[in-house]
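J.: Quick check, what structure comes out for this input:
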Amino acid sequence: MKYNTIKEIDEGTEKENLKKIEAIFFVSGRFLNMQDLISLSDLNPIILRDLVEKLQDKYRENDSALEIVEKNGLWKMDVKQEYSGIVNRIATGSAEFSKAEQETLAIIAYKQPIKQSVIIKIRGNKAYDHIKKFTDLDLIKKKKIGHTHELSLSDEFYDYFNVKERDNLAQESLKEEKTPKE
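T.: Numbers count the residues shown, from 1 in each chain. All right, here's what the predicted structure looks like:
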């Protein structure tokens, strides 16, 4: 593409940088901090902040199923909440976690905090591998207690699976139980 003016050059550069940031968010699938964005894009923080805001506006204005979520100075491209059910149905075909890993994580989520030794008794020795994977992904927290560890969900778990925190979920469950069923 040939540019005739400085303004056209600037607009072209901005469009390319916007596409670069969009691609980074798309591929990463996780929350990124400013340092992540700088190292992945080679852009300065002032330009990056402006581009992230423009990308957020773009998805909002185009009434897209996607959005750029911001939480505590971290950003992530995600599917809007109203479309997460569709995505989850599609994703369950080839899940990122095996069925055994999903079951181990479900027990941790339901029983947290829970001792690692209890998980191993329930799930068997293969659960050590599951726990290591979840710890490496920062989905669970491990705290040394005696000869074992206490396992609980991390904040990243809630972000990763796009669910509300446990207290909110518990309150919603109580509301549903109190609501008369038809």
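
J.: burial of residue 87, as a residue count?
T.: 14 (other CB atoms under 10 Å). The way it works is simple: take the backbone N, C-alpha and C, and place the C-beta from them, glycine included.

J.: quick one: it and residue 154, what's the gap?
T.: 22 Å (CB to CB, to the nearest Å).

J.: ok, now residue 140?
T.: Distance, residue 140 to residue 154, by CB to CB: 6 Å.

J.: Please identify which of the two sits among more neighbours.
T.: Counting neighbours by other CB under 10 Å for residue 140 and for residue 154 shows that residue 140 has the greater number, 25 against 16.

J.: For the more buried one, give the beta-bridge partners.
T.: Counting by DSSP bridges, residue 140 is bridged to residue 153.

J.: likewise the one 5 residues further on?
T.: Each beta-bridge partner of residue 145 is listed here, defined by DSSP bridges: residue 148.

J.: That one and residue 117 touch, don't they?
T.: No - look at residue 145 against residue 117 with CB atoms under 8 Å: they stay out of range, at 9.7 Å.

J.: so residue 75 sits in a strand?
T.: Yes - under DSSP: H, G, I helix; E, B strand; the rest coil, residue 75 sits within a strand.

J.: got the contact list for it?
T.: By CB atoms under 8 Å, 6 or more residues apart in numbering, the contact set of residue 75 is 25, 31-32, 37, 52, 68-69.

J.: Same check on residue 126?
T.: Counting by CB under 8 Å, 6+ apart, residue 126 touches residue 100.

J.: for it, phi and psi?
T.: Main-chain torsions, residue 126, degrees, to the nearest 10: phi -60, psi -20.

J.: can you give me the helices in the chain?
T.: Secondary structure of the chain (DSSP state H): helices located at 6-28, 34-41, 45-61, 84-91, 99-111, 116-123, 127-136, 155-160, 166-178.

J.: between those helices, which gets the lowest average pLDDT?
T.: Lowest mean pLDDT of the helices of the chain: helix 166-178, a mean of 47.

J.: that older thread, quick one: which of the helices of the chain is nearest residue 73?
T.: Taking CB to CB, helix 34-41 is the member of the helices of the chain nearest to residue 73, at 6.9 Å.

J.: and the closest one, what does it pack onto?
T.: Counting contacts by 3 or more CB pairs under 8 Å, 6 or more residues apart in numbering; DSSP states H and E, helix 34-41 packs against helix 6-28, helix 45-61.

J.: Now do the shortest one: which elements does it pack against?
T.: Okay, so that is helix 45-61. Packed against helix 45-61 by the contact rule (3+ CB pairs under 8 Å, 6+ apart) you find helix 6-28, helix 34-41, strand 66-71.
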